[in-house]
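Trainee: what's the 3D shape of this:
(2 chains)
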Amino acid sequence: GQSLEQPSEVTAVEGAIVQINCTYQTSGFYGLSWYQQHDGGAPTFLSYNALDGLEETGRFSSFLSRSDSYGYLLLQELQMKDSASYFCAVAGTGGFKTIFGAGTRLFVKA
Amino acid sequence: EAGVAQSPRYKIIEKRQSVAFWCNPISGHATLYWYQQILGQGPKLLIQFQNNGVVDDSQLPKDRFSAERLKGVDSTLKIQPAKLEDSAVYLCASSVTSLGVYNEQFFGPGTRLTVL
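Mentor: Next up, the predicted model:
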């Protein structure tokens, strides 16, 4: 079967750095993506890792280790607007079929 | 460019009734997805189309759910008959299709379905 595990909630202070981990188990794997979703909103794409290593996009970075079936999303210089749910998603075989994790709810405090 | 359009935005029905959702993807996006998102959970893929062909529908409850994408553009998702557990947000997404390359998915605003 396929499964993804990520923490249900994370709380951090404005201006701090937070890391959201994701471990996955899947029969086919092309890469790991991250999506952000604010309450009542639609998911929006943040990043995608197909190869091992770190990808940086502004304040957000994403890391992948294929050998460990593990990845993380790193958010720097946290802002209040970063309070949202963050989903890791595996892109698998069959036209990059996407399986989403249950999501991590990030609370940013002043 | 215009985003993914969905309608209706909200729908309330009684169990055993039928309901249909409509999605218009971003122009030029060959791949279209329907997801079900229950409150507090991640999106669950129901069906994935590439043009008007089905790529994956392994998690679509085919006894009550159906979906079509005529002419490879707009798509409709139907539930007949609805059950209480179908209460969820139904998200449509689309992406450019490139061989061997993952492309980000663009999501519509979703349809919030409440089954009473």
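Trainee: can you pull the contacts of residue 102?
Mentor: If you meant another chain, say so; for now it's chain A. Neighbour list for A:Ala102: A:4, A:6, A:8, A:87, B:40-42 [criterion: Cβ atoms under 8 Å, 6 or more residues apart in numbering or on different chains]. In this view, the C-beta of every residue, glycine as well, is placed from N, C-alpha and C.
Trainee: looking at chain B here, not the other one
Mentor: A:30-31, A:33, A:48, A:50, A:91, A:96.
Trainee: and the strands in chain B, which stretches?
Mentor: Taking DSSP state E as the criterion, chain B carries its strands at B:5-7, B:10-13, B:19-24, B:31-37, B:44-50, B:53-56, B:65-68, B:75-79, B:88-95, B:106-107, B:111-115.
Trainee: could you list every helix and strand in contact with the longest one?
Mentor: To tie it back to what came earlier, the one meant is strand B:88-95. strand B:5-7, strand B:19-24, strand B:31-37, strand B:75-79, strand B:106-107, strand B:111-115 (3 or more Cβ pairs under 8 Å, 6 or more residues apart in numbering or on different chains; DSSP states H and E).
Trainee: circling back: and the contacts of B:Tyr102 near chain B, which?
Mentor: A:30-31, A:33, A:48, A:50, A:91, A:96 (Cβ under 8 Å from any Cβ of the partner chain).
Trainee: let me have the strands of chain B in JSON lines, extended by mean pLDDT.
Mentor: Formatted as JSON lines, the strands of chain B follow (pLDDT from 0 to 100):
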{"stretch": "strand B:5-7", "mean pLDDT": "97"}
{"stretch": "strand B:10-13", "mean pLDDT": "98"}
{"stretch": "strand B:19-24", "mean pLDDT": "98"}
{"stretch": "strand B:31-37", "mean pLDDT": "96"}
{"stretch": "strand B:44-50", "mean pLDDT": "93"}
{"stretch": "strand B:53-56", "mean pLDDT": "90"}
{"stretch": "strand B:65-68", "mean pLDDT": "97"}
{"stretch": "strand B:75-79", "mean pLDDT": "98"}
{"stretch": "strand B:88-95", "mean pLDDT": "96"}
{"stretch": "strand B:106-107", "mean pLDDT": "96"}
{"stretch": "strand B:111-115", "mean pLDDT": "98"}
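Trainee: which bits of chain A sit near chain B?
Mentor: A:30-31, A:33, A:41-45, A:48, A:50, A:87, A:89, A:91, A:94-103.
Trainee: of these, buried ones?
Mentor: Buried members of the residues of chain A next to chain B, scored by 16 or more other Cβ atoms under 10 Å in any protein chain shown, are A:30-31, A:33, A:42-43, A:45, A:48, A:50, A:87, A:89, A:91, A:95-103.
Trainee: from those, which land in strands?
Mentor: A:31, A:33, A:45, A:48, A:87, A:89, A:91, A:98-100.
Trainee: state the pair within the residues you listed that is farthest apart.
Mentor: Distance extremes for those: the farthest pair is A:Phe45 and A:Ile99 at 15.5 Å, using Cβ to Cβ.
Trainee: dump the strands of chain B into JSON lines; add mean neighbour count and distance to A:Val108 as well.
Mentor: JSON lines is the format used below for the strands of chain B (neighbours: other Cβ atoms under 10 Å in any protein chain shown; distance: least, Cβ to Cβ, whole Å):
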{"stretch": "strand B:5-7", "mean neighbour count": "17", "distance to A:Val108": "29"}
{"stretch": "strand B:10-13", "mean neighbour count": "14", "distance to A:Val108": "29"}
{"stretch": "strand B:19-24", "mean neighbour count": "19", "distance to A:Val108": "32"}
{"stretch": "strand B:31-37", "mean neighbour count": "24", "distance to A:Val108": "23"}
{"stretch": "strand B:44-50", "mean neighbour count": "21", "distance to A:Val108": "27"}
{"stretch": "strand B:53-56", "mean neighbour count": "16", "distance to A:Val108": "36"}
{"stretch": "strand B:65-68", "mean neighbour count": "18", "distance to A:Val108": "37"}
{"stretch": "strand B:75-79", "mean neighbour count": "19", "distance to A:Val108": "35"}
{"stretch": "strand B:88-95", "mean neighbour count": "24", "distance to A:Val108": "24"}
{"stretch": "strand B:106-107", "mean neighbour count": "22", "distance to A:Val108": "23"}
{"stretch": "strand B:111-115", "mean neighbour count": "19", "distance to A:Val108": "26"}
